[in-house]
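**Student:** Below: sequence and its predicted model.
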Amino acid sequence: MSTDPDNNTCPNTSAIQVFVDSAPELVGDSSENESDKKKKKSRNVSFPDEDQLVTQYFEPANPWQNAASTSKAQLAAEYLESCRRHGTPAIDSVLQQIRELPETAIGGATRAPRLTLSECVLQGSAPADALEAVLRRVQFRRLEIHQAVIDDEGAEAIFDMIEYYESAIVVSINGERQFGIRGWQAASRMIKKSAELSELEVSDSALEAAHAPVLARALRPLTCRLRALCLQRCSLCGEPLLCLAVFAVLARALRPLTCRLRALCLQRCSLCGEPLLCLVIALKSNSSVRELRLGDNRLGPSDAAQIAALLRLNARIQLLDLSNNQIQDTGLGHIADALVEQGAQTPPSAAASPASPVSPHRCPMTGYEARGLAFLVLWNNQLTRNCAAHLSKALRSSQSLCVLNIGRNAVGTEGVRALCAGGALISVGLQAARLGPDAAPAVAELIGQNNTLQVRERER
């Protein structure tokens, strides 16, 4: 530090001066860099012409393209050799069905009626892998797994082969199942990817809440070609919340416009109460389901009111099966009121035109775009003669109802006379109906009014 008292200059002044002098140069450099960046040309990404984007593609492998035809004896020998190679015993019922196959079915020219895997053991992948010797040679209209012992590995192998070989149009699973979530995931892939599978039947076994989402996801994609889903005797009468969870998940799958299901069969599923409400809410916005079968579900008058609300908002449902329930006369009254509203919503021009799908001269079930309920099955629903007023009201108002079954109900002579109210009826079911001794004139009058009407009389 300087000792001169007159010198008040800081010793680092020169260094500061140098920094200040060099600062403009730094600023100038940054501005030059920005200008250089602006002068650079922008980069563009170009693609080839549309006709050059895809140079080559391959169709999926078709296992039936070069399938060789063979005899039934040779097919049985191939199956036995496959069983020996996989170390599993042959299924006697499969060998018997091979002997009964039509000659034209071997090689994929036509489909055989069915293949039934009944009361056999399909645990592990070996028994199913051995069946590939049959499935790669023959296609079936129905493939039934009936009371078979099948686990996840066996289910995966069977369902994957059905998907790959398009082995069946209808797959039926009957009896208790040992497979769990992995088996259902394989079934879901089969449903989504198969081009030929149109119907899935599951009966006599519980559908657990954990498995319902897997099944529901398979129904949503636009590529799903499944047309009918049948759940019968699925033991859903346990905890109400479990029932509600299962049907709430399935109901969500029925909402999207991409759902292609045409028939929904839910028989003996304990569907009364809240589970039915979930299903009704989903079907109100569904435009694909045409057949709704709800037999043997212990439905009462209040459940019939929910179904009536569905019919008011969804005129696409053409077949309604409520057989073996207890909707009684009150429930029929709710449904009749819904049919009256459906008739009021029918355009007058459509009702008057003989060529229209909703015309009385033509059964509405013949056309996909037909509107209004056409088939109503009320077999064994504790109906009495007091239902006559409801029947008459529905038949006078509905332009679409052409088939009515009120068998095994004590409708009496009054009920038969109510059928004379007119409408579009072409068939009436009166099997096992307790009509009484004086019902014969009423039946004769009913037939006399419509010469084309088919009356199925009571059983003797």
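**Tutor:** Sure, I can see it. Please read all numbers here as calculations on a predicted model, not as lab measurements. Residues are numbered from 1 along each chain as shown.

**Student:** What ranges does the stretch 351-460 of the chain have for its helices?
**Tutor:** 388-397, 412-418, 440-449 (DSSP state H, counting those that start in this stretch).

**Student:** Name the stretch among those that sits most buried.
**Tutor:** helix 412-418 (a mean of 22; mean count of other CB atoms under 10 Å). The way it works is simple: take the backbone N, C-alpha and C, and place the C-beta from them, glycine included.

**Student:** picking that back up, distance to Cys234 and mean pLDDT for the helices of the stretch 351-460 of the chain - can I get that in a markdown table?
**Tutor:** Output for these, formatted as a markdown table (distance: least, CB to CB, whole Å; pLDDT from 0 to 100):
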| stretch | distance to Cys234 | mean pLDDT |
| --- | --- | --- |
| helix 388-397 | 31 | 92 |
| helix 412-418 | 34 | 88 |
| helix 440-449 | 39 | 79 |
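
**Student:** Turn those into JSON lines, columns for distance to Ala155.
**Tutor:** Formatted as JSON lines, the helices of the stretch 351-460 of the chain follow (distance: least, CB to CB, whole Å):
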{"stretch": "helix 388-397", "distance to Ala155": "46"}
{"stretch": "helix 412-418", "distance to Ala155": "49"}
{"stretch": "helix 440-449", "distance to Ala155": "52"}
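
**Student:** With Leu322 as the reference, name the closest of these.
**Tutor:** helix 388-397 (13.7 Å; CB to CB).

**Student:** what's that closest one in contact with?
**Tutor:** For helix 388-397, the surrounding residues in contact (CB atoms under 8 Å, 6 or more residues apart in numbering) are 329, 332-333, 335-337, 339-340, 342-344, 401, 404, 406, 411-412, 414-415, 417-419, 421-423, 425.

**Student:** and with 7 Å instead?
**Tutor:** Here helix 388-397 makes contact (CB atoms under 7 Å, 6 or more residues apart in numbering) with 329, 332-333, 336, 339-340, 343, 401, 414-415, 417-419, 421-423, 425.

**Student:** out of these, which are buried?
**Tutor:** Neighbour counting over the contacts of helix 388-397 (16 or more other CB atoms under 10 Å) leaves 329, 332-333, 336, 339-340, 343, 401, 414-415, 417-419, 421, 423, 425 as the buried ones.

**Student:** Farthest-apart pair in those, please.
**Tutor:** Between all members of the buried ones among the contacts of helix 388-397, the farthest pair (by CB to CB) comes out as Gly343 and Glu414, at 22.3 Å.

**Student:** Surely His334 touches Leu310?
**Tutor:** No: counting by CB atoms under 7 Å, His334 stays clear of Leu310, with 10.8 Å between them.

**Student:** Spatially central, which residue of this protein would that be?
**Tutor:** Leu261 (4.1 Å; CA atoms, centre = their mean).

**Student:** Show me the protein divided up by domain.
**Tutor:** 69-197, 299-460 (automatic domain parsing).

**Student:** Return the distance of stretch 439-446 from the chain's centre.
**Tutor:** 42 Å (CA atoms, centre = their mean, to the nearest Å).

**Student:** To clarify, my last question referred to stretch 146-153.
**Tutor:** Taking mean C-alpha positions (CA atoms, centre = their mean), stretch 146-153 and its chain are 23 Å apart.

**Student:** Endpoints of it, how far apart?
**Tutor:** End-to-end distance for stretch 146-153, by CA to CA, to the nearest Å: 17 Å.

**Student:** what's next to it, contact-wise?
**Tutor:** Counting by CB under 7 Å, 6+ apart, residues outside stretch 146-153 touching it are 116-125, 174-175, 177-180, 182-183.

**Student:** what do you get for stretch 327-341?
**Tutor:** With CB under 7 Å, 6+ apart, stretch 327-341 has contacts from 299-301, 304-305, 307-308, 311-312, 373, 378, 381-384, 386-387, 390, 393-394, 397-398, 401.

**Student:** residue ranges of the helices in the stretch 201-350 of the chain, please?
**Tutor:** Using DSSP H, counting those that start in this stretch, helices in the stretch 201-350 of the chain cover 212-219, 240-253, 274-284, 301-313, 328-345, 348-352.
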